[in-house]
Structures are given as structure tokens and as C-alpha cells.
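J.: My questions are about this predicted structure, shown below with the sequence.
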Amino acid sequence: MASGRVSGDNATGFGSFKEELEAVFSENEILKESLDNVMGMLAREDQGWFRFAGGSEYDLGMEVFELHRWARELRESVAGNPHIKQGLKLRTSYIWNRGIRYANIEGPKQGKGVNVQARIDNAKNQRNFFGTTAREKREAALYTDSAYFVLADQRDYTLQPVPIWEIHGHYSNPDDHGEVWAYLRCWSHYVPGEGLVPSRMWYLTDACPNYEPGNKKRPVDVNILGVSDPVDPNIIMFADHVNGQIGWPYGIPDALPALVWARLYRDFLVNGKIMSDALAQIAYKAVVNTQAGATNASLKLAKPNAPGSTVITGSADSLVPMATAGKGYDFGSGNSLAAVIAAALEVSVVHLTADTSKAGSYGATATLDLPTQLAMRSRQNWHIAFDTRVLKWLGAKDPIVTFMSLDGAADIFRKIQAILLMWGSGLYAAEPIEKRLSELLDIVGNIVPKGVLIPNNSDAAFLLSPDRTAVPKDTGANVGSGHQDQGNPNATAPGQGQGTGVGNGLKGNDLRSDKIAQAAAALGQLVQEIEAEYGQPLNI
């Protein structure tokens with residue numbers, strides 16, 4: 001059976017509270033009117049929020065028809081409100097501008113192997129899902145609609161996104177209402193000779209048990225209000241939402257928390273412009289001592305209806321500049337509103353307003369701060385999970401999906417330095433070091449080369465003899481052989497700590513003197529080779 005959902009007042013217990021307030025304020029019509037206004041605001045705020053049938057205290061979030069309305073308003077705001085539009089552009093560029101990488105994708109094979117790469121490169125799939133424009137539209141859907149829906153045709157492995165206003169219902173796991181097993185799509189289908197024909201179809205999701213085509217155990221009891229609609233046996237739907245809660249079948253659009261504040265900020269800017277015009281309306285006041293003089297002055301001075309006009313007041317003959325002359329409205333006082341919009345959209349207020357005066361330094365505008373990076377990485381993880389599901393459906397056995405780093409060049413350089421210091425300690429294996437370096441440098445598919453030597457490790461010590469040929473390491477520090485166990489951090493000079501140890505006069509053994517001797521021997525060998533090649537001694 002379909003999951004039950006019943007709309008209801010989401011303010012249980014508020015009615016008695018309202019009655020008490022109304023009783024207290026019954027004699028004050030102004031306060032009573034204000035209370036009614038607040039109740040109207042709460043009622044509008046509660047529209048579209050539902051509870052599960054049976055009196056459960058748990059709601060199911062925003063319903064899909066309410067999302068249709070908000071999606072329409074938000075899409076209009078993207079077109080008309082500069083801050084809502086800029087928020088979308090910023091989020092899209094933060095998340096996608098450095099690209100996404102796929103690895104472990106099967107390519108052309110001989111025999112019956114699946115060419116997953118060819119399915120990815122399919123022109124329709126590139127246009128609808130994998131291409132740059134398609135990914136921008138995906139981010140826009142999450143920004144204004146809260147959810148992303150993609151139809152996957154299992155006959156030719158092609159993908160097609162659908163807008164949220166074509167989604168008119170869902171069928172959930174009876175034990176988990178946040179896990180949707182099927183969606184009802186309603187749209188107009190064009191038929192040659194007939195025009196647009198209304199169509200209704202259920203599509204199972206990849207979360208539905210036994211959703212594979214031809215499986216006789218596939219659930220088909222999906223209906224709303226007892227009206228059955230067909231289930232497409234050849235298409236499944238990939239869908240997911242953002243900003244949701246446990247138990248919600250849908251989420252909240254990214255831009256919704258910022259919408260009301262963006263409108264308030266717009267009103268603030270418009271009112272500020274009006275005030276600036278008003279402040280510039282009158283620049284001087286002409287003070288005269290008689291009514292006749294005032295009348296005469298008014299005939300000579302400009303009318304006070306344009307910037308820089310003069311007003312006539314007072315009883316003395318003088319021209320006095322207005323205190324507001326040359327001043328403008330303090331638009332900076334609205335920074336708090338702009339900051340709320342930026343916080344709601346999880347973007348930088350400097351980038352959102354294009355106002356560098358809000359930045360403390362150049363670095364604040366050139367890089368992403370840590371909270372913004374973390375928010376964008378969270379959304380990137382959402383996309384990684386979604387793309388992995390689609391790639392597995394296309395036939396990839398174990399796909400690897402990664403985004404390129406959001407760090408700036410300086411941050412990457414510092415992190416590489418720290419990793420190389422860790423590597424130089426000899427305390428880390430090569431695999432985790434390689435993995436982290438590849439992540440920072442956006443290298444995909446690299447493996448640790450065979451025979452890589454771990455620094456500062458006895459197993460990796462290869463020494464150079466005076467004739468510069470590699471020789472195996474000694475088991476100890478053998479000064480007499482001309483080389484020693486340089487790779488072993490615990491190697492010590494012979495006799496160190498005994499009567500002939502370090503510090504025992506000029507004859508004491510010291511690792512430093514031994515290294516100097518080796519360097520001198522190598523230099524002598526090099527000089528001999530150069531002299532032999534040129535046939536004359538070097539003057540050193």
C-alpha cells in the first residue's frame with residue numbers, strides 16, 4: 001500500500017496559547033490586530049508541512065506540491081534578484097569549476113565486456129548528465145527545487161533529467177518514509193496528429209527492492225487515492241534531495257532560507273536610494289527677514305525639486321548649506337542583512353555582494369574560508385555518491401569518483417611540505433603517502449612504483465662506493481670498507497661508547513669525519529676522471 005500522508009495544522013497546542021493572549025489583549029485593538037497579523041504569518045509559514053497519519057508527532061517535511069510553488073518563486077528570483085542569482089553562480093563555481101574525476105571505468109574490451117566509457121561518452125548522456133552544462137543545471141535544481149530526478153532507460157542506457165513540477169507523488173518504504181521506492185510523474189506527451197496528451201507513469205527507484213526489469217517480485221501496488229497508474233518496466237529513476245531530515249521524502253532548496261532576507265536587503269537598497277535622492281534634494285537654505293523678501297527670493301532661486309535646490313526659511317538674510325549636503329545614505333549599515341544572505345547560502349559575503357570593502361585583506365577575496373570549503377565539500381560528497389550510483393548502473397564494477405581540491409596553491413604547497421616531512425621520517429608506508437599526494441595534486445590512477453625506497457629505513461639503504469657504483473648496505477657501520485649503513489638511523493661508529501669512542505683524542509672515531517673522508521675520496525675520483533678525459537691536470 002502507498003505510504004499515508006495527511007495534512008494538518010503544524011502548530012498543535014498553539015490554539016490555547018492564542019486564546020489566552022486574545023483574552024489578555026481584548027481591550028487593546030492595536031495589540032489584538034498585531035496578534036492576528038502574527039497568526040497569519042505563522043499560518044502561511046505552516047503551509048505545506050505534514051504529519052504522518054495516526055496522530056504521530058513526526059512530520060514528513062515539505063510536500064511536493066509546496067515545493068512546486070517555492071521552486072517557481074526561487075527560479076524567478078534567480079532571474080530577477082542579483083543576490084539569489086549570484087549565490088547560485090558562486091555555489092556552482094565553488095563546487096564544479098575544478099572538475100570531477102572518474103577512475104576504474106571500463107573501456108573498450110574484446111568479447112562481451114561492457115564498455116562503460118562509451119555509455120558515458122554517449123551524446124545524450126553528455127548533454128543530460130555528464131556535461132558541464134548538465135552539471136550546472138543539476139546544481140540549479142538543488143538550489144531552487146531541493147531535489148534532482150533522472151530517468152535511466154535500461155534499454156539503451158541513456159539518462160534524462162525531469163523537473164520537480166512533473167513529480168506528483170511518491171511511494172515510500174512502509175517502514176521508512178524517507179526511503180522512496182517509486183515516484184509518480186505527470187507530464188504532457190506530444191503525439192503527432194493529436195498534440196499534447198496528458199501522461200501519468202510510475203518509475204521505480206534504484207532504492208526499491210528487486211527493481212530490475214523482468215523481475216516478477218517487483219512491487220506494482222503503487223497508487224494514490226485508489227487510482228492505479230502504470231509502472232514503466234524499462235526505466236528506473238535516480239533521485240535524491242538535499243537539506244533533508246530523517247524520515248523526509250523531500251528536502252529544502254538551498255536558496256529558500258535566503259529568499260526572504262534577499263528581499264529585505266533589496267528593500268533596504270531601494271529605500272537607501274530614495275533617501276540619497278532626498279538628501280541631495282536641498283543643498284542650501286536661504287534665510288530672509290521679510291515675507292516680501294522670501295517671495296522675491298523664491299522667484300530667483302531654483303525650484304526645490306531637483307538635486308542641489310535651495311529652500312527658503314528664517315528671518316535673516318543669508319545662505320546656509322544643509323547639514324546633509326554632499327552626503328549620501330549609509331548603505332554600509334545593511335551589511336548585516338547581506339551577511340545573513342551569505343550565511344544562508346553558505347558563500348562568502350564578499351563574493352556575494354562584490355564589495356571588497358567587506359574583506360579584511362586580499363586573501364579574504366582570493367581564497368575560500370574554511371567553513372565555506374567544508375560546506376562545498378559536503379555538497380561534493382553528495383554528488384560523488386549520486387554519480388557512483390549512476391556509474392554502477394551503467395556497468396562500472398568499482399568506480400572511483402573524486403573532485404579536485406578546493407585548496408589554493410599556497411595551501412597545497414604547505415600540505416605537500418608537511419607530507420614530505422612525514423615521508424622523510426621513515427615512519428609511514430608508501431601507500432598512504434602516495435594517496436594523499438595524489439589527492440592534493442589531482443592525480444588519478446597512480447600507484448606506488450615497484451621498489452620505492454622508504455627514507456631513513458635500514459631496508460632501503462643503498463650506498464655508493466668511491467667508484468660511484470651501488471653496493472648493498474653493510475650490517476653495521478664499517479668505516480674501513482669506505483661506506484657505512486647510512487640508511488639505518490641507529491647505526492653507530494665502531495667503538496663508540498668504548499675506550500676508542502668519539503671524543504677520545506685525535507684518534508677517536510666520528511661519523512662526521514668518516515663522511516668527510518668518503519666525500520674527499522669521491523671528489524678525488526671525480527677529479528681523476530676529468531683529468532683523464534681532458535688529458536691535462538686540473539688547477540685546484
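T.: Sure thing, it's come through.
J.: Quick one: residues in contact with the helix or strand containing Glu73.
T.: Following DSSP states H and E, the helix or strand that holds Glu73 is helix 64-80. Residues from elsewhere that reach helix 64-80 (C-beta atoms under 8 Å, 6 or more residues apart in numbering): 47-49, 62, 84-85, 88, 140, 143-147, 163-165, 167-170, 250, 253, 255-256, 259, 262. To be clear about C-beta, it is placed using only N, CA and C from the backbone, and glycine gets the same treatment.
J.: Generate a ChimeraX selection restricted to the buried subset of those.
T.: This is the ChimeraX syntax for the buried subset of the contacts of helix 64-80, where burial follows 16 or more other C-beta atoms under 10 Å:
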select :48,49,62,84,88,140,143,144,145,146,147,164,165,167,168,169,170,250,253,255,256,259,262
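J.: shaky segments in this protein?
T.: Flagging of the chain using pLDDT under 70 yields the residue ranges 1-59, 110-112, 213-227, 280-328, 356-367, 459-516, 534-536, 538-540.
J.: Could you chop it up by domain?
T.: Listed domain ranges for the chain are 6-57, 281-324, 407-452, 458-534 (source: automatic domain parsing).
J.: Can you name every helix or strand that the longest strand anywhere in the chain contacts?
T.: Assignment by DSSP state E gives strand 176-191 as the longest strand of the chain. Secondary-structure packing of strand 176-191 (3 or more C-beta pairs under 8 Å, 6 or more residues apart in numbering; DSSP states H and E): strand 167-173, strand 195-205, strand 231-241.
J.: can I get these in CSV with distance to Gln380?
T.: Converted to CSV, these look like this (distance: least, C-beta to C-beta, whole Å):
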stretch, distance to Gln380
strand 167-173, 25
strand 195-205, 23
strand 231-241, 14
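J.: Nearest to Lys124, out of those strands?
T.: Smallest distance to Lys124 across those (C-beta to C-beta): 14.0 Å, for strand 231-241.
J.: Can you list the helices and strands that whichever helix or strand comes after the closest one packs against?
T.: Per DSSP H and E, the first helix or strand lying C-terminal to strand 231-241 is helix 256-279. Packing partners of helix 256-279 (3+ C-beta pairs under 8 Å, 6+ apart): helix 64-80, helix 82-96, helix 335-345.
J.: Output these as a markdown table; include the columns distance to Ala134.
T.: Output for the helices and strands packed on helix 256-279, formatted as a markdown table (distance: least, C-beta to C-beta, whole Å):
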| stretch | distance to Ala134 |
| --- | --- |
| helix 64-80 | 17 |
| helix 82-96 | 11 |
| helix 335-345 | 22 |
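J.: count of neighbours near the nearest residue to Ser438 once chain neighbours are set aside?
T.: Counting by C-beta to C-beta, 6 or more residues apart in numbering, Ser438 lies nearest to Asn446, which is 5.1 Å off, once chain neighbours are set aside. Look at Asn446: counted by other C-beta atoms under 10 Å, it has 12 neighbours.
J.: Surely Ile142 forms part of a strand?
T.: Residue 142: Leu, not Ile. No - counting by DSSP: H, G, I helix; E, B strand; the rest coil, Leu142 falls outside a strand, being helix.
J.: can you tell me which residues contact it?
T.: Tyr148, His241, Val242, Pro253, Asp254, Arg379.
J.: Next, the buried residues of stretch 349-358.
T.: For stretch 349-358, the neighbour count (16+ other C-beta under 10 Å) marks Val349, Val350, His351, Leu352, Thr353, Lys358 as buried.
J.: just checking, the first one touches Ser336?
T.: No - counting by C-beta atoms under 8 Å, no contact exists between Val349 and Ser336, whose distance comes to 10.0 Å.
J.: for the residue nearest to Ser438, helix, strand, or coil?
T.: coil.
J.: Quick check on it: phi, psi?
T.: Phi and psi for Asn446, reported as degrees, to the nearest 10, are phi -80, psi 150.
J.: do the same with Leu151
T.: phi -90, psi 130.
J.: what is it paired to in the beta sheet?
T.: Bridge pairing for Leu151 (DSSP bridges) gives the partners Gln160, Met237.
J.: and the gap between it and Val260?
T.: To Val260, Leu151 is 34 Å away according to C-beta to C-beta, to the nearest Å.
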